[in-house]
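> Generate a structure from the sequence data that follows.
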Amino acid sequence: MKYIAERKLLFSKKNSHATKEVVVKISEPFVATENDVGFSFDGVMFGCHVEIEGLNEPGFNIYGMDSLQAINLASSIESLIERLSRQYDFYWETGDPYFE
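Alright, predicted model coming up:
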């Protein structure tokens with residue numbers, strides 16, 4: 001799979017100071033099938049795969065009506081990081097907190 005964008009962050013488990021790297025990657029758009037999305041549709045839909053390296057979290061696909069929407073939705077990772085921040089603290093590579 002070819003990835004077109006990534007965000008590198010540092011993370012630590014809550015109440016720990018040992019940091020490790022996590023990389024969130026977004027794949028190039030692909031043409032989605034009805035089996036991919038689980039419902040029928042007219043025309044063409046696109047998807048992007050979101051991969052999370054460094055955490056024991058599964059990757060997932062995001063779908064859009066066209067390739068631009070798929071990229072836009074997949075690159076909006078704030079809700080993903082917020083969900084994961086229940087267990088982890090996230091930092092930019094500079095060490096600054098990801099969330100202020």
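> Surely residue 53 touches residue 11?
No - under the criterion of Cβ atoms under 8 Å, residue 53 is not in contact with residue 11, lying 11.6 Å apart. No exception for glycine: its C-beta is placed from N, CA and C like everyone else's.
> who has more neighbours, these two?
For residue 53 and residue 11, the more surrounded residue by other Cβ atoms under 10 Å is residue 11, and the numbers stand at 21 against 13.
> how much space between that one and residue 58?
17 Å (Cβ to Cβ, to the nearest Å).
> cool, and residue 83?
Applying Cβ to Cβ, the value for residue 83 to residue 58 is 13 Å.
> again, but for residue 36
16 Å.
> Tell me which of those two has more neighbours.
Counted by other Cβ under 10 Å, residue 36 and residue 58 do not tie: residue 36 has more neighbours, with 13 against 8.
> ok, the residue most central in space within the chain - contacts?
Closest to where the C-alpha atoms of the chain average out (Cα atoms, centre = their mean) is residue 50, at 4.2 Å. With contact taken as Cβ atoms under 8 Å, 6 or more residues apart in numbering, residue 50 is in contact with 24-27, 59-62, 74, 77, 80.
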